[in-house]
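Asks: Below are the sequence and a predicted model; questions follow.
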Amino acid sequence: MITINDLNIQFGDKHLFRQVSARINPDDRIGLVGVNGAGKSTLLKIIAGLTETDAGVLIRAKTATVGYLPQETSAFAAGRTLYQEAESAFAELLAAQQELDVINRQLSTISSTSPESTTLLNRQGELQHLVEHTDVFRIKSTIEKVLQGLGFTEPDFQKDCHTFSGGWITRLLLAKLLLIRPAFLLLDEPTNHLDIESLTWLEEFLKTYEGALVIISHDRAFLDNVTTSTWELSLGRLTCYRGNYSKYVTEKEIRMEIQRAAYANQQSQIQQTMRFVDRFRSKSTKAKQAQSRLRQLDKLELIEIDDQERQISFRFPPSTASGRMAIEAEGLTKSYEGRQVFSNLSFQLQRGDKLAVVGVNGAGKSTLVKLLAGLILPDSGLIKPGYNVKISYFGQHQANDLSPKLTVFQTMATTGVEMSLTQTRSILGAFLFRGNDVDKQVQVLSGGEKSRLALAKMIATPANLLIMDEPTNHLDMMSQEVLQEALNQYDGSIIVVSHNRYFVDGFINKVLEIKYGQATLYDGNIAYYLEKTRGVHPDAPTRKVSLANKPTAAQPAASPQKTNPKELRQSAAKLREEKNRQLLPFRKTVKETEGEIEQLEAKQKQLETLMSDPELYRNETAFAESSQEYNAIKQKLERLYQRWDEAQAKIETIEASLTTII
């Protein structure tokens with residue numbers, strides 16, 4: 001368990017943390033959310049013990065192991081291969097196994113009565129105890145599984161770590177943490193450098209992780225699938241919510257409604273009291289009452305409305321009309337340094353279509369959108385923009401291309417579009433650059449601020465085809481949702497590369513998958529694409545059929561021997577009796593279990609109706625009791641379903657075997 005007690009950090013008048021207290025239990029799955037600059041990464045570093053705090057603020061058991069994945073990682077030193085670096089996660093275990101092998105050889109060469117034998121036997125026992133409680137003989141397969149799950153290929157295993165780029169270095173560090181399996185795993189934006197396939201694998205891995213998780217992520221789908229509680233950092237305060245991110249959004253709105261209603265009610269009471277005091281304080285007959293009410297106001301604990309973070313609010317301007325075809329790619333081929341990225345790639349995009357480009361890292365997604373935007377040329381093939389199509393491009397590293405010496409306001413002037421002072425300030429204000437913020441130089445802006453400025457610059461450029469490569473990098477969840485809504489309402493065409501499934505699912509209607517140098521077009525969103533590429537509907541039930549007692553074509557059923565009718569009837573009666581004897585306890589179990597399931601499902605339905613009522617949230621005790629009862633029923637139902645399945649399977653097996661004989 002890790003406990004944070006009354007954490008306070010202040011810079012001037014700004015409170016980064018204000019009386020923050022929380023606890024992380026061994027099996028918690030926590031999503032840490034908040035706008036950029038709220039202090040999420042700083043809090044994670046404090047929990048990891050990398051940033052010092054006052055004594056007693058952070059309490060952690062000495063034996064608790066903590067693993068931390070930062071947003072930015074430094075390169076590994078040269079001289080180790082990818083596999084060797086991953087294997088170093090098991091250095092202590094491998095050393096123990098090597099020492100055990102040496103001791104075993106020594107024991108085989110000395111007498112059992114030797115004084116040295118006793119020492120070696122004691123050490124052998126210690127090492128065997130350590131090794132037996134681990135999968136030391138499965139280290140190789142475990143390493144390969146994790147590395148391949150995160151997108152590395154077998155040829156990568158023997159490459160020097162020093163040759164990998166920053167995104168792949170982050171994957172390697174994440175792989176080492178997953179192999180070490182610390183009791184508390186702290187991940188700061190683990191999905192930033194993952195493609196959809198690796199992201200899906202990581203989700204499944206973390207769902208079964210035996211330990212606590214604290215995750216910072218701007219990927220809503222990832223948080224929804226992995227976390228079970230949400231911590232919100234806002235204006236220095238930490239608020240804990242039950243449930244994943246989507247549940248947090250709903251519950252927060254309910255809390256805010258209750259808070260606003262309570263605040264309005266209290267303000268009304270205060271105003272009423274002050275009217276009474278102002279009216280009667282000068283009258284001798286009412287003066288005591290007036291003073292008494294004033295004292296009551298002094299003792300009143302005032303309700304405060306939570307400050308709301310500033311929000312982006314914008315819409316794309318109407319796009320100019322274009323032809324039916326937005327853009328067409330025909331036979332595109334592109335190679336870099338002798339490596340072919342893709343060949344003979346063709347597709348069409350109609351006016352108004354909104355397309356997501358997906359594929360593993362290195363498949364050529366960014367290369368394709370740069371080709372379509374005209375930033376680079378293909379080795380062969382044609383790109384045909386439609387009639388009157390005007391393209392606006394936002395690159396993955398577009399924020400880095402901004403001139404550092406220019407101010408925010410001056411940067412907008414580089415669009416080449418004539419805008420009045422009011423128009424420029426309106427667009428910048430929509431992206432949270434207000435007042436003196438517009439006079440800041442680009443070089444002093446944070447990563448998120450630079451991304452917002454680059455987006456503002458793109459929006460100021462008239463276009464009817466937007467091409468965007470990872471537009472949500474460095475954008476907090478709130479900014480992503482507003483951008484998502486704006487793109488949903490945009491009346492032009494869109495081509496977007498993004499690993500953020502929830503973001504793109506909000507507005508796209510087509511998916512282009514680049515795989516093995518070829519392109520496949522899917523009509524639908526990312527969820528539909530994932531369903532199709534998995535080859536089976538994710539909700540489709542599977543059923544295992546046992547053929548143990550059924551005759552097959554290769555082994556025909558034996559023909560029964562000729563017997564007189566009386567003997568057959570007697571034999572059949574005995575078999576039916578035996579069949580009923582064997583089936584009786586399992587049929588009883590099925591009947592009793594079905595009765596219990598029916599009662600619990602009815603109770604579960606009542607609780608779901610109760611918990612859907614916002615009034616329940618006003619009473620925290622009642623809500624906690626209802627949630628606890630609901631979870632207990634859910635767990636009991638799972639056990640009953642399993643018991644019913646097992647009993648039903650036994651019945652089917654007995655009936656199949658004895659019916660065949662009869």
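Replies: On my side now, so go ahead. Please read these numbers as outputs of a predicted model, since none were measured by experiment. Numbers count the residues shown, from 1 in each chain.
Asks: Please count neighbours and contacts with C-alpha atoms only from this point.
Replies: Will do.
Asks: For the stretch 301-450 of the chain, which segments are assigned as strands?
Replies: Using DSSP state E, counting those that start in this stretch, the strands of the stretch 301-450 of the chain run over residues 325-336, 339-350, 354-358, 380-385, 391-394.
Asks: Sorry, slip of the keys, the one I care about is the stretch 501-650 of the chain.
Replies: Under DSSP E, counting those that start in this stretch, the stretch 501-650 of the chain gives strands at 510-515, 518-523.
Asks: where in this structure is pLDDT low?
Replies: Residues of the chain meeting the criterion pLDDT under 70: 13, 75, 127, 129-137, 280-286, 304-314, 535-573, 645, 652, 655-662.
Asks: per-domain residue ranges of it.
Replies: With domains defined by automatic domain parsing, the chain comprises 248-299, 325-534, 565-661.
Asks: follow-up on the earlier one: comparing the strands of the stretch 501-650 of the chain, which comes out most buried?
Replies: strand 510-515 (a mean of 21; mean count of other Cα atoms under 10 Å).
Asks: Just the residues contacting it, thanks.
Replies: Strand 510-515 is touched from outside by 353-360, 363-365, 519-526, 529, with contacts defined as Cα atoms under 8 Å, 6 or more residues apart in numbering.
Asks: Just the buried residues of those residues.
Replies: Listed as buried from the contacts of strand 510-515 are 353-360, 363-365, 519, 521-522, 525-526, 529; burial here means 16 or more other Cα atoms under 10 Å.
Asks: Can you point out the buried residues in stretch 393-413?
Replies: Neighbour-count burial for stretch 393-413 [16+ other Cα under 10 Å]: 393-396, 398-399, 402, 406-412.
Asks: Please give me every residue in contact with residue 405.
Replies: Here residue 405 is in contact with 441, 442, 443 (Cα under 8 Å, 6+ apart).
Asks: To clarify, my last question referred to residue 450.
Replies: Contacts of residue 450 by Cα under 8 Å, 6+ apart are 399, 400, 402, 442.
Asks: repeat that for 7 Å
Replies: residue 399 (Cα atoms under 7 Å, 6 or more residues apart in numbering).
Asks: sorry, back to before: redo the strands of the stretch 301-450 of the chain as a markdown table? Include distance to residue 373.
Replies: Below are the strands of the stretch 301-450 of the chain laid out as a markdown table (distance: least, Cα to Cα, whole Å):
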| stretch | distance to residue 373 |
| --- | --- |
| strand 325-336 | 10 |
| strand 339-350 | 14 |
| strand 354-358 | 14 |
| strand 380-385 | 9 |
| strand 391-394 | 6 |
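Asks: Please identify the deepest-packed of these.
Replies: Highest mean neighbour count of the strands of the stretch 301-450 of the chain: strand 354-358, a mean of 26 (counted as mean count of other Cα under 10 Å).
Asks: any idea of the angle that strand forms with strand 339-350?
Replies: Interaxial angle, strand 354-358 versus strand 339-350 (axes from the mean of the first three to the mean of the last three Cα atoms, to 10 degrees): 160 degrees.
Asks: which other residues reach strand 354-358?
Replies: With Cα under 7 Å, 6+ apart, strand 354-358 has contacts from 365, 493-497, 507-514.
Asks: That strand: partners in the sheet, and parallel or antiparallel?
Replies: strand 493-497 (parallel), strand 510-515 (parallel) (DSSP bridges).
Asks: Ok, which of those comes nearest residue 97?
Replies: Closest to residue 97 of these is strand 510-515 (Cα to Cα; 41.8 Å).
Asks: just how off-centre is that closest one within its chain?
Replies: Taking the mean of its C-alpha atoms, strand 510-515 sits 22 Å from the chain's own mean (Cα atoms, centre = their mean, to the nearest Å).
Asks: likewise stretch 192-211?
Replies: With Cα atoms, centre = their mean, you get 8 Å for stretch 192-211.
Asks: Other residues contacting it?
Replies: Against stretch 192-211 from outside (Cα under 7 Å, 6+ apart): 26-27, 149-151, 167, 183-184, 191, 222, 225-226, 359-361, 499.
Asks: just the residues you listed now: which is nearest residue 107?
Replies: Among the contacts of stretch 192-211, and counting by Cα to Cα, the member closest to residue 107 is residue 183, at 36.1 Å.
Asks: Dump the contacts of strand 354-358 into TSV; add distance to residue 173 as well.
Replies: Below are the contacts of strand 354-358 laid out as TSV (distance: Cα to Cα, whole Å):
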residue	distance to residue 173
365	24
493	38
494	34
495	32
496	28
497	25
507	34
508	33
509	35
510	34
511	31
512	30
513	28
514	27
